[in-house]
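**Q** quick one, structure for this:
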Amino acid sequence: MRPSGRQLDELRAVRIEAGVLRHAEGSCRIVMGGTEVLCAATIEDKPPAFLRGTGLGWVTAEYGMLPRATQTRTRREAASGRQQGRTIEIQRLIGRALRAGVDRAALGERQIVIDCDVISADGGTRCAAITGGWVALRMAASRLLAARLVTSDPILDHVAAVSCGIYAGQAVLDLDYAEDSAAGVDGNFVMTGAGRLVEVQGSAEGATFGRDDLDRLLGLAAGGVAALVAAQRAAL
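**A** As a prediction, the model looks like this:
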């Protein structure tokens with residue numbers, strides 16, 4: 001029995017509310033159970049220096065967590081003068097994931113920055129940030145199309161992410177904190193709307209796992225991502 005009472009292949013309740021920020025070119029609030037993330041897209045008219053003159057655009061991300069997103073207060077990283085390694089790793093993951101669904105030539109020499117701020121953390125924050133970040137990105141790309149600043153849609157496909165793991169000996173979908181903290185195997189799966197894999201992060205937290213276990217986790221992830229893509233479509 002899962003702590004939440006959910007079925008093994010059951011997502012937490014998912015809500016995506018688009019257009020929540022007045023000034024951002026794209027934005028959404030995504031809630032997955034007790035995890036809540038605010039995502040905002042900003043269009044910048046020039047790409048990073050390393051892409052100037054290439055005709056290619058770029059999508060990048062920044063990730064942060066409010067001090068009381070967790071059960072006890074987390075010190076602001078700005079107070080220490082530098083980002084933690086976990087933060088850097090997560091925002092790089094978000095950027096890589098979202099770029100997988102973008103035609104960078106169609107985007108042209110500009111950059112879209114996706115800001116992901118965790119309001120409440122209960123497991124799966126990076127997955128929620130990717131899923132909500134795509135909605136903000138989609139809105140920003142639609143704005144470019146409407147303004148005729150691009151000639152073709154730079155969005156190739158949906159991108160969404162979900163966690164899966166082995167908890168109490170069973171493969172489960174969308175781990176909350178209670179499960180994540182006690183899981184024997186923990187993984188994050190990023191996929192496109194067509195079901196193609198973008199990135200797989202998996203580790204044995206308490207015991208090794210086999211190919212059959214990985215196959216079960218992949219099957220759960222595919223179903224979870226399909227449901228998240230449907231939620232993205234509904235939000236837009």
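**Q** how about stretch 185-204: buried residues?
**A** 185, 186, 187, 188, 189, 190, 191, 192, 193, 198, 202 (16 or more other C-beta atoms under 10 Å). The way it works is simple: take the backbone N, C-alpha and C, and place the C-beta from them, glycine included.
**Q** mind listing what the helix or strand hosting the fourth one pairs with, with the direction of each?
**A** What that stands for is residue 188. For residue 188, the element it lies in under DSSP states H and E is strand 185-192. Strand pairing for strand 185-192, determined by DSSP bridges: strand 159-167 (antiparallel), strand 197-204 (antiparallel).
**Q** can you tell me which residues contact the residue of the chain positioned farthest from its centre?
**A** Distance from the centre of the chain peaks at residue 53, with 29.7 Å (C-alpha atoms, centre = their mean). Residues counted as contacts of residue 53 (C-beta atoms under 8 Å, 6 or more residues apart in numbering) are residue 109.
**Q** looks to me like it is in a strand.
**A** No. Counting by DSSP: H, G, I helix; E, B strand; the rest coil, residue 53 falls outside a strand, being coil.
**Q** show me where this structure has strands.
**A** Assigned by DSSP state E, the chain shows strands spanning 14-18, 26-32, 35-44, 58-65, 111-120, 159-167, 170-173, 185-192, 197-204.
**Q** winner for burial among those?
**A** Mean neighbours per residue, mean count of other C-beta atoms under 10 Å, is largest over the strands of the chain for strand 159-167, with a mean of 27.
**Q** before we move on, back to that, pipe the strands paired with strand 185-192 into TSV and attach mean pLDDT and distance to residue 82 per row.
**A** Converted to TSV, the strands paired with strand 185-192 look like this (pLDDT from 0 to 100; distance: least, C-beta to C-beta, whole Å):
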stretch	mean pLDDT	distance to residue 82
strand 159-167	97	26
strand 197-204	95	24
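**Q** is it possible to export the ones you listed to CSV including distance to residue 118?
**A** Formatted as CSV, the strands paired with strand 185-192 follow (distance: least, C-beta to C-beta, whole Å):
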stretch, distance to residue 118
strand 159-167, 14
strand 197-204, 18
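**Q** got a pLDDT number for the residue farthest from the centre of the chain?
**A** Looking at residue 53, its pLDDT stands at 95.
**Q** where's it relative to residue 109, distance?
**A** 8 Å (C-beta to C-beta, to the nearest Å).
**Q** kindly report the same for residue 17.
**A** Separation of residue 17 from residue 109 (C-beta to C-beta): 32 Å.
**Q** check residue 27 too.
**A** 24 Å.
**Q** list the contacts of the nearest residue to residue 234 once chain neighbours are set aside.
**A** Closest residue in space to residue 234, ignoring its immediate chain neighbours: residue 16 at 7.4 Å, by C-beta to C-beta, 6 or more residues apart in numbering. When contacts are counted by C-beta under 8 Å, 6+ apart, residue 16 touches 28, 29, 30, 31, 131, 132, 135, 231, 232, 234, 235.
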